[in-house]
Each structure stands twice: as C-alpha cells, then as structure tokens.
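Asks: return a 3D structure for these sequence lines:
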Amino acid sequence: MSKKRKITIITGFLGSGKTTLLTNLLKDPSLKNTAVLVNEFGRVGLDHHLLRRVDERTLLLGGGCLCCTVREDLVNSLRELLDHDHRGDIEPLDRIIIETSGLADPAPILFTVLTDTVLQHHFEIDQVIVTIDAVNGQLHLDRQPESMKQAAVADKMIITKTDIASKEETEQLVSRLRLINPSADIIESVYGDVDSVELFAPNEKVNHNVSGSFDTSVKGHHASNTQTISLTFDQPLDWSAFGLWLSMLLHARGQDVLRVKGMIDVGDRGPVLLNGVQHIIHPPEHLDEWPDEDKRSHVVFIMRSIESEQILLSLHAFQDILGSRASIREKMEVH
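Replies: Below you'll find the model as predicted:
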C-alpha cells in the first residue's frame, strides 16, 4: 500500500490569524505538493493552485452526538483530490491542509477521515494546529466555548499578534493554555511567520509534556467545569485491557472527554502513542524506541464535567487485568 497523505487541520477563533498563517506557509517551496481546503477565505486571499473552497454540509448520525458528525463536503472534496492524484492530473499529493471556520469544532473532521471507508486508507490526520490571538485570547477562552474546545484538541498552538500584546498578556495566556492542554506545543508568531519544519515536526515526546510541572498561578478568570489530569503508570500495561477500559469510558462519556493523549508502555521495546478527541481515537502508533529514559506510561485527559476520582475508580476496578495501578501526578482545574 502506498504511503498515506497527511492531513493537517488549522483552526482557531475568528480573527486569530488562521489565514495569515496559511498564506505564509504556502510560500514555502517544500509545500508545493499541498492541497488546501478552506471553509472561509477571510480578508487575506490565498493564491494556490490546489485551493478548494468547501461549504460545511454535515450529516448527523443516530444518537445525536455532534462530534460524530460526517462532513459530507469533506468526503467529496478529499475523494475528488484523491481521484485527480491517482489519474495524474495533479502533482502527487503529500499533504492536505484544512482551514476551518472560526466557529468550527475540529472533531467532525477527525471523525470523517478516520471512519470513511475510502479516506481512512489513503489519508492520515497529522495534527491539529490552533491559532490563538494574544490580545483577545483570554476573552475568547472566557466567553466562547468553541475557543476552549479548539485549545483542548490542539497538537500545536500558535500564539499570534504577540507584537501588539504586552509581555504580561502573552505570558498569562501561555500559562493558561498550558493548564488547558499540557501536551500541546506552543509557538509564538508575528504575522504568521512560523518555520514550516518546526510546525510540521511530529510531537512524539508526550511524556515530557504530560508529566512535567505546570504553572497553576493564572488568576482572574471565570471558573469552568473543565479539568486536566495526568495519570502515570509505573508498570507496563496490558494493551488489550487498557483499550477495553478506554473504549468503555468513551462510549459512556465520550462527549465529555475533550482530549486524551499519552505514551503507553505495553512491555515492548518502544511505547504506543495514544491520541484521541472525544469518541474519536486515532489508530495507535507503535514507536521503535522510547524518546528518553522515562519509560513509564503517561496519559493526559482533558475533561468536561467528569471528576478525576471517577476516572481513578474506574481504572482501579480494572487494575488486576491492566497490570498496573494509576496515580495522579498532576490535577489541574482549568480557569
């Protein structure tokens, strides 16, 4: 089977700089074999030979869960690009960048690609990149649920407009974002100027991010019902049992598990990377070796309306078959 084409999702709240970032990225010659799908053009025009505009058309599946929504427009657009690629009408595709609207939830995009019988064999989700305005980011997080959700599901967060924000504003925003999503990389940018190599580099050192210390000194924001916990397992886990437990959790409370990310010791030479948004779990990736000397399992949950004690009670009920007991290294209430 040929190598899968990567899909990168760029999202962020209205006016946070998504299109500016994308416009600069497409100037990089290394991205010439990249197709772009956009829900909104914004004020900055995109001049790219593989630009497609998609209008958001969705199909809500039985059960009414918004994260498990099929983006029909996306299916059609990706299949059309795949057909052109196979016929040789375009240069071979390496990557597709999807720019969402400012109010979009990225979860339906993930669900669409990972569950469509054709797309799942030809595409893989590379990462979710979120742009966050350094000037208005705090206000958006306080008042806009979409902004909080976008930050929670990000693999990389790009802090924009740092040239017109004070140093204190930027530092407070970064501290808050590390509370919301400690497993994401944070990059500061002015006018969308980001090194594409750094931006598209894989974020594999999950255990560094999820087990490190967190700045919990952010003050002055409205409390929310979202919290982040980091679990550590000192012994290897039974992968089948852990997968069963996680499947049961997501089946019961998937809409409230905004993000789960981790690096799991299953007794092999290298770990298994775990990456999921709500009900949607990416295919687990087995690494050949550990990125550093810490070979314990670390898992981060970003949750809404779920107490960490519930997670631990559930895990401990499975501990005999999991092979290891969980401990909470950090528990953070997100404000």
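Asks: for this protein, which spans come out with low pLDDT?
Replies: Residue ranges of the chain with pLDDT under 70: 1-2, 40-68, 70, 203-224, 327-335.
Asks: domains of it?
Replies: The chain is divided into the following domains under automatic domain parsing: 5-203, 226-333.
Asks: mean neighbour count for the ones you listed - can I get that in JSON lines?
Replies: For every residue, glycine as well, the C-beta is placed using N, CA and C. Listed next are the domains of the chain as JSON lines, based on neighbours: other CB atoms under 10 Å:
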{"stretch": "domain 5-203", "mean neighbour count": "18"}
{"stretch": "domain 226-333", "mean neighbour count": "18"}
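Asks: do a quick rundown of the helices in the protein.
Replies: For the chain, the helices defined by DSSP state H occupy 18-25, 72-87, 107-115, 119-122, 137-143, 145-153, 167-180, 196-200, 206-211, 239-253, 308-317, 319-322.
Asks: then the fourth one to PDB, C-alphas only?
Replies: Once side chains and other backbone atoms are set aside, the C-alpha atoms of helix 119-122 remain, and they are given as PDB (Å, rounded to 0.1, in the frame of the first residue of the first chain):
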ATOM      1  CA  LEU A 119     -10.500   8.100   3.200                       C
ATOM      2  CA  GLN A 120      -9.100   6.100   6.100                       C
ATOM      3  CA  HIS A 121      -6.900   4.000   3.700                       C
ATOM      4  CA  HIS A 122      -5.400   7.000   1.800                       C
END
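Asks: how about Ala241, what does it touch?
Replies: When contacts are counted by CB atoms under 8 Å, 6 or more residues apart in numbering, Ala241 touches Phe318, Ile321, Leu322, Gly323.
Asks: check contacts around Leu274.
Replies: Residues in contact with Leu274 (CB under 8 Å, 6+ apart) are Val260, Lys261, Gly262, Met263, Ile264, Ile281, Pro284, Val299.
Asks: looking at strand pairing, list the partners for it.
Replies: Beta-bridge partners of Leu274, counted by DSSP bridges, are Gly262.
Asks: how much space between it and Phe242?
Replies: Distance of Leu274 to Phe242, computed by CB to CB, to the nearest Å: 9 Å.
Asks: need the residues touching each of these two.
Replies: Residues touching both Leu274 and Phe242 by CB under 8 Å, 6+ apart: Ile264.
Asks: chain center to the longest strand along the chain, what's the gap?
Replies: Ranked by residue count and defined by DSSP state E, the top strand of the chain is strand 123-133. From the chain centre to the centre of strand 123-133 is a distance of 6 Å (CA atoms, centre = their mean, to the nearest Å).
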